[in-house]
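Asker: Structure of the sequence below:
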Amino acid sequence: MANVIVAGAAGRMGRLLVAMVARDPAHRLVGAVEASGVAAIGADAGEIAGVGALGVKISADYAALARPDTVTLDFTTAAASLEHLEAAVKTGAAIVIGSTGFTPELDKRAREIAPRTRTVLAPNMSVGVNVLMKIVEEVAATLPDFDAEVLEIHHRTKVDAPSGTALALGRAIAAARKTDFAANAIHGREGITGVRPAGAIAVMALRAGDAVGDHTVIFGGQGERLELTHRAQSRDSLARGAIRAADWLVRQKPGLYSMRDVLGL
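Answerer: As a prediction, this is how the structure comes out:
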(Lines give C-alpha, C1' and ligand atoms only; values in the text may rest on other atoms or scores of the structure.)
Protein backbone atom coordinates (compact mmCIF):
# COMPACT_ATOMS: atom_id res chain seq x y z
CA MET A 1 0.00 0.00 0.00
CA ALA A 2 1.41 3.38 -1.04
CA ASN A 3 1.41 6.12 1.59
CA VAL A 4 0.32 9.28 -0.21
CA ILE A 5 0.58 12.96 0.69
CA VAL A 6 -1.42 15.41 -1.42
CA ALA A 7 -0.06 18.94 -1.70
CA GLY A 8 -2.57 21.65 -2.60
CA ALA A 9 -5.26 19.47 -1.05
CA ALA A 10 -7.94 22.17 -1.09
CA GLY A 11 -7.48 23.04 -4.77
CA ARG A 12 -9.27 21.47 -7.71
CA MET A 13 -6.58 18.94 -8.51
CA GLY A 14 -5.85 18.35 -4.85
CA ARG A 15 -9.47 17.52 -4.03
CA LEU A 16 -9.65 15.17 -7.00
CA LEU A 17 -6.45 13.40 -5.95
CA VAL A 18 -7.65 13.04 -2.36
CA ALA A 19 -10.90 11.53 -3.60
CA MET A 20 -9.14 9.08 -5.94
CA VAL A 21 -6.67 7.97 -3.28
CA ALA A 22 -9.47 7.53 -0.74
CA ARG A 23 -11.43 5.25 -3.07
CA ASP A 24 -8.47 3.03 -3.97
CA PRO A 25 -7.57 0.29 -1.44
CA ALA A 26 -4.03 0.16 -2.87
CA HIS A 27 -3.32 3.66 -1.54
CA ARG A 28 -3.50 5.28 1.86
CA LEU A 29 -3.76 9.04 2.39
CA VAL A 30 -1.32 9.90 5.18
CA GLY A 31 -1.02 13.65 4.69
CA ALA A 32 -2.60 16.70 3.09
CA VAL A 33 -0.93 20.08 2.70
CA GLU A 34 -1.94 23.63 1.87
CA ALA A 35 -0.25 27.01 1.92
CA SER A 36 -0.22 28.98 5.16
CA GLY A 37 -3.32 31.12 5.51
CA VAL A 38 -5.60 28.91 3.41
CA ALA A 39 -8.97 28.58 5.15
CA ALA A 40 -9.02 24.79 4.78
CA ILE A 41 -6.02 24.27 7.07
CA GLY A 42 -7.10 22.14 10.01
CA ALA A 43 -10.09 20.70 8.14
CA ASP A 44 -10.41 17.03 7.25
CA ALA A 45 -9.04 16.48 3.74
CA GLY A 46 -11.78 13.99 2.90
CA GLU A 47 -14.53 16.39 3.86
CA ILE A 48 -12.95 19.13 1.74
CA ALA A 49 -12.79 16.65 -1.16
CA GLY A 50 -16.42 15.62 -0.68
CA VAL A 51 -15.73 11.97 0.20
CA GLY A 52 -16.38 12.09 3.93
CA ALA A 53 -14.02 12.26 6.88
CA LEU A 54 -10.72 10.42 6.39
CA GLY A 55 -9.03 11.39 9.63
CA VAL A 56 -6.34 13.37 7.80
CA LYS A 57 -6.19 17.05 8.66
CA ILE A 58 -4.87 19.57 6.15
CA SER A 59 -1.57 20.99 7.39
CA ALA A 60 0.71 23.84 6.38
CA ASP A 61 3.83 21.93 7.47
CA TYR A 62 4.86 19.61 4.64
CA ALA A 63 8.30 18.88 6.09
CA ALA A 64 6.68 17.35 9.19
CA LEU A 65 4.76 14.87 7.03
CA ALA A 66 7.36 13.84 4.44
CA ARG A 67 9.13 10.56 5.18
CA PRO A 68 11.04 7.98 3.11
CA ASP A 69 7.96 5.74 2.98
CA THR A 70 5.71 8.48 1.55
CA VAL A 71 5.10 9.72 -1.97
CA THR A 72 3.75 13.22 -2.53
CA LEU A 73 1.45 14.30 -5.35
CA ASP A 74 2.07 17.99 -5.96
CA PHE A 75 -0.04 20.17 -8.26
CA THR A 76 0.48 23.53 -6.57
CA THR A 77 2.68 26.33 -7.91
CA ALA A 78 6.26 26.23 -9.13
CA ALA A 79 7.56 28.06 -6.06
CA ALA A 80 5.63 25.87 -3.63
CA SER A 81 6.64 22.70 -5.46
CA LEU A 82 10.30 23.68 -5.23
CA GLU A 83 9.94 24.17 -1.47
CA HIS A 84 8.30 20.76 -1.18
CA LEU A 85 11.03 19.19 -3.32
CA GLU A 86 13.72 20.66 -1.07
CA ALA A 87 11.96 19.16 1.96
CA ALA A 88 11.55 15.82 0.19
CA VAL A 89 15.28 15.75 -0.59
CA LYS A 90 16.10 16.30 3.11
CA THR A 91 13.71 13.59 4.31
CA GLY A 92 14.14 11.06 1.50
CA ALA A 93 10.49 11.24 0.48
CA ALA A 94 9.39 10.47 -3.07
CA ILE A 95 7.59 13.27 -4.90
CA VAL A 96 5.59 13.61 -8.12
CA ILE A 97 5.43 17.22 -9.36
CA GLY A 98 2.88 18.24 -11.96
CA SER A 99 3.02 21.99 -11.34
CA THR A 100 3.76 24.35 -14.23
CA GLY A 101 4.97 27.93 -14.48
CA PHE A 102 8.60 27.21 -13.58
CA THR A 103 10.89 30.10 -14.42
CA PRO A 104 14.28 29.15 -15.86
CA GLU A 105 15.81 29.77 -12.43
CA LEU A 106 13.27 27.63 -10.57
CA ASP A 107 13.53 24.89 -13.17
CA LYS A 108 17.32 24.85 -12.94
CA ARG A 109 17.21 24.57 -9.14
CA ALA A 110 14.59 21.82 -9.26
CA ARG A 111 16.62 19.76 -11.72
CA GLU A 112 19.78 20.25 -9.65
CA ILE A 113 18.33 18.80 -6.45
CA ALA A 114 15.67 16.38 -7.74
CA PRO A 115 18.11 13.49 -8.38
CA ARG A 116 18.93 13.42 -4.65
CA THR A 117 15.59 11.74 -3.98
CA ARG A 118 12.97 9.92 -6.06
CA THR A 119 11.34 12.57 -8.24
CA VAL A 120 9.00 12.63 -11.21
CA LEU A 121 8.85 16.09 -12.74
CA ALA A 122 6.46 16.46 -15.66
CA PRO A 123 4.42 19.37 -17.06
CA ASN A 124 1.58 16.98 -17.89
CA MET A 125 0.81 13.65 -16.23
CA SER A 126 -1.71 12.54 -18.86
CA VAL A 127 -0.79 9.27 -20.54
CA GLY A 128 -2.18 10.52 -23.85
CA VAL A 129 -0.16 13.74 -23.82
CA ASN A 130 3.06 11.86 -23.19
CA VAL A 131 2.32 9.55 -26.11
CA LEU A 132 1.71 12.72 -28.15
CA MET A 133 5.16 14.00 -27.13
CA LYS A 134 6.79 10.89 -28.53
CA ILE A 135 4.81 11.08 -31.76
CA VAL A 136 5.61 14.78 -32.17
CA GLU A 137 9.33 14.09 -31.87
CA GLU A 138 9.11 11.43 -34.57
CA VAL A 139 7.10 13.65 -36.92
CA ALA A 140 9.37 16.66 -36.35
CA ALA A 141 12.39 14.60 -37.32
CA THR A 142 10.64 13.03 -40.31
CA LEU A 143 9.33 16.36 -41.63
CA PRO A 144 12.21 18.76 -40.90
CA ASP A 145 11.11 21.31 -43.52
CA PHE A 146 7.51 21.59 -42.28
CA ASP A 147 6.61 24.67 -40.23
CA ALA A 148 5.81 23.74 -36.61
CA GLU A 149 3.12 25.52 -34.60
CA VAL A 150 1.79 24.58 -31.16
CA LEU A 151 -1.64 25.83 -30.07
CA GLU A 152 -3.10 25.34 -26.60
CA ILE A 153 -6.28 26.37 -24.80
CA HIS A 154 -6.95 26.28 -21.07
CA HIS A 155 -9.51 27.61 -18.61
CA ARG A 156 -9.67 31.31 -17.89
CA THR A 157 -8.21 30.93 -14.38
CA LYS A 158 -4.88 29.43 -15.46
CA VAL A 159 -2.23 31.93 -14.42
CA ASP A 160 0.73 30.92 -16.63
CA ALA A 161 1.02 30.98 -20.41
CA PRO A 162 1.90 29.17 -22.53
CA SER A 163 1.15 25.97 -20.67
CA GLY A 164 4.01 23.81 -19.50
CA THR A 165 2.78 21.10 -21.86
CA ALA A 166 2.84 23.42 -24.87
CA LEU A 167 6.38 24.48 -24.02
CA ALA A 168 7.39 20.85 -23.62
CA LEU A 169 5.95 20.09 -27.05
CA GLY A 170 7.95 22.99 -28.49
CA ARG A 171 11.11 21.69 -26.85
CA ALA A 172 10.39 18.20 -28.19
CA ILE A 173 10.21 19.59 -31.73
CA ALA A 174 13.46 21.51 -31.24
CA ALA A 175 15.24 18.50 -29.79
CA ALA A 176 14.15 16.28 -32.68
CA ARG A 177 15.48 18.87 -35.13
CA LYS A 178 18.64 19.50 -33.10
CA THR A 179 17.94 23.20 -32.70
CA ASP A 180 17.68 25.52 -29.70
CA PHE A 181 14.06 26.07 -28.68
CA ALA A 182 14.61 29.38 -26.88
CA ALA A 183 16.38 30.87 -29.90
CA ASN A 184 13.63 29.83 -32.33
CA ALA A 185 10.45 30.22 -30.27
CA ILE A 186 7.65 32.61 -31.23
CA HIS A 187 5.00 33.38 -28.60
CA GLY A 188 2.79 35.90 -30.36
CA ARG A 189 2.15 37.78 -33.59
CA GLU A 190 0.77 41.23 -34.25
CA GLY A 191 1.02 43.75 -37.05
CA ILE A 192 3.28 43.40 -40.09
CA THR A 193 5.32 40.41 -38.96
CA GLY A 194 7.00 39.63 -42.25
CA VAL A 195 7.64 36.19 -43.67
CA ARG A 196 7.66 33.36 -41.16
CA PRO A 197 11.29 32.66 -40.17
CA ALA A 198 12.61 29.30 -41.29
CA GLY A 199 13.01 26.95 -38.35
CA ALA A 200 10.73 28.96 -36.05
CA ILE A 201 8.62 27.04 -33.52
CA ALA A 202 5.50 28.98 -32.56
CA VAL A 203 3.68 28.35 -29.28
CA MET A 204 0.37 30.17 -28.91
CA ALA A 205 -1.90 30.25 -25.84
CA LEU A 206 -5.67 30.73 -25.63
CA ARG A 207 -7.66 31.18 -22.40
CA ALA A 208 -11.43 30.74 -22.31
CA GLY A 209 -14.16 29.38 -20.08
CA ASP A 210 -13.50 26.13 -18.26
CA ALA A 211 -11.41 24.33 -20.89
CA VAL A 212 -9.36 21.67 -19.10
CA GLY A 213 -6.60 21.67 -21.69
CA ASP A 214 -6.31 21.06 -25.44
CA HIS A 215 -3.00 20.89 -27.29
CA THR A 216 -2.62 20.82 -31.06
CA VAL A 217 0.68 20.56 -32.93
CA ILE A 218 0.50 21.67 -36.56
CA PHE A 219 3.12 20.68 -39.12
CA GLY A 220 2.55 22.77 -42.25
CA GLY A 221 4.12 21.89 -45.58
CA GLN A 222 3.49 22.89 -49.17
CA GLY A 223 0.05 21.67 -50.20
CA GLU A 224 -0.52 19.65 -47.02
CA ARG A 225 -0.81 20.01 -43.27
CA LEU A 226 -0.60 17.46 -40.45
CA GLU A 227 -2.36 18.20 -37.16
CA LEU A 228 -1.95 16.18 -33.96
CA THR A 229 -4.37 16.95 -31.13
CA HIS A 230 -4.86 15.84 -27.55
CA ARG A 231 -7.94 16.99 -25.63
CA ALA A 232 -8.28 16.58 -21.89
CA GLN A 233 -11.99 16.07 -21.19
CA SER A 234 -11.50 16.22 -17.42
CA ARG A 235 -8.73 16.49 -14.86
CA ASP A 236 -9.14 12.78 -14.18
CA SER A 237 -6.54 11.98 -16.84
CA LEU A 238 -3.95 14.10 -15.02
CA ALA A 239 -4.82 12.65 -11.62
CA ARG A 240 -4.74 9.05 -12.83
CA GLY A 241 -1.40 9.64 -14.51
CA ALA A 242 0.02 11.17 -11.32
CA ILE A 243 -1.11 8.19 -9.23
CA ARG A 244 0.38 5.84 -11.81
CA ALA A 245 3.63 7.79 -11.56
CA ALA A 246 3.57 7.55 -7.77
CA ASP A 247 3.10 3.77 -7.86
CA TRP A 248 6.06 3.47 -10.24
CA LEU A 249 8.27 5.94 -8.39
CA VAL A 250 8.21 4.23 -4.99
CA ARG A 251 10.03 1.25 -6.54
CA GLN A 252 12.83 3.31 -8.09
CA LYS A 253 16.25 4.44 -6.95
CA PRO A 254 16.87 8.16 -6.30
CA GLY A 255 16.83 10.10 -9.54
CA LEU A 256 14.96 12.60 -11.68
CA TYR A 257 12.39 10.91 -13.90
CA SER A 258 9.80 11.97 -16.46
CA MET A 259 6.41 10.53 -17.37
CA ARG A 260 8.06 8.92 -20.36
CA ASP A 261 10.20 6.96 -17.90
CA VAL A 262 7.07 5.99 -16.02
CA LEU A 263 5.35 4.81 -19.20
CA GLY A 264 8.43 3.23 -20.75
CA LEU A 265 8.23 5.42 -23.86
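
Asker: Go through stretch 192-210 and flag the buried ones.
Answerer: 201-205 (16 or more other Cβ atoms under 10 Å). Backbone N, C-alpha and C define where each C-beta goes, glycine included.

Asker: out of those residues, which are inside strands?
Answerer: 201-205 (DSSP state E).

Asker: TSV for those, including pLDDT?
Answerer: Formatted as TSV, those follow (pLDDT from 0 to 100):
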residue	pLDDT
I201	98
A202	98
V203	98
M204	97
A205	97
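
Asker: Pull the most distant pair out of those residues.
Answerer: I201 and A205 (14.1 Å; Cβ to Cβ).

Asker: circling back: among the ones in strands among the buried residues of stretch 192-210, pick out the one closest to G50, please.
Answerer: Using Cβ to Cβ, those come closest to G50 at A205, 31.0 Å.

Asker: Distance check, that closest one against A148.
Answerer: A205 sits 16 Å away from A148, going by Cβ to Cβ, to the nearest Å.

Asker: Can you show me the strands along this protein?
Answerer: Going by DSSP E, the chain shows strands at 2-7, 27-33, 58-59, 70-74, 94-97, 118-121, 147-154, 185-186, 201-207, 214-220, 225-231, 255-257.

Asker: Could you say which of those strands is packed most deeply?
Answerer: Among those, the stretch with the highest mean neighbour count (mean count of other Cβ atoms under 10 Å) is strand 94-97, at a mean of 29.

Asker: what's that one in contact with?
Answerer: For strand 94-97, contacts defined as Cβ atoms under 8 Å, 6 or more residues apart in numbering pick out 70-74, 81, 84-85, 88, 110, 117-122, 125, 242, 245-246, 249-250.

Asker: Would you confirm that D160 contacts L106?
Answerer: No. In this structure D160 lies outside contact range of L106 using Cβ atoms under 8 Å: 11.7 Å.

Asker: Roughly how far does A79 sit from A175?
Answerer: 27 Å.

Asker: Kindly report the domain assignment for this structure.
Answerer: 2-125+235-263, 127-231 (automatic domain parsing).

Asker: tell me the most buried of those?
Answerer: domain 2-125+235-263 (a mean of 20).

Asker: What mean pLDDT does that domain get?
Answerer: Regarding domain 2-125+235-263, the rounded mean pLDDT is 96.

Asker: can you give me the end-to-end distance of that domain?
Answerer: 19 Å (Cα to Cα, to the nearest Å).

Asker: just stretch 22-31 next, same as before
Answerer: End to end - Cα to Cα - stretch 22-31 spans 12 Å.

Asker: distance between it and the chain's centre?
Answerer: Centre-to-centre, stretch 22-31 and its host chain are 21 Å apart (Cα atoms, centre = their mean, to the nearest Å).

Asker: Enumerate every residue touching F102.
Answerer: By Cβ under 8 Å, 6+ apart, the contact set of F102 is 78, 110, 164.

Asker: and what of A200?
Answerer: With Cβ under 8 Å, 6+ apart, A200 has these contacts: 147-148, 184-186.

Asker: can I get these in CSV with distance to Y257 and pLDDT?
Answerer: Output for the contacts of A200, formatted as CSV (distance: Cβ to Cβ, whole Å; pLDDT from 0 to 100):
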residue, distance to Y257, pLDDT
D147, 32, 98
A148, 27, 98
N184, 27, 97
A185, 26, 97
I186, 31, 97
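
Asker: Take the strands of the chain and write them to TSV, including distance to G50.
Answerer: TSV is the format used below for the strands of the chain (distance: least, Cβ to Cβ, whole Å):
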stretch	distance to G50
strand 2-7	14
strand 27-33	14
strand 58-59	14
strand 70-74	18
strand 94-97	23
strand 118-121	27
strand 147-154	24
strand 185-186	41
strand 201-207	27
strand 214-220	27
strand 225-231	26
strand 255-257	32
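
Asker: among these, which is nearest I41?
Answerer: Here strand 58-59 is closest among the strands of the chain (Cβ to Cβ), at 5.3 Å.

Asker: and that closest one, what does it pack onto?
Answerer: With contacts taken as 3 or more Cβ pairs under 8 Å, 6 or more residues apart in numbering; DSSP states H and E, strand 58-59 sits against strand 27-33.
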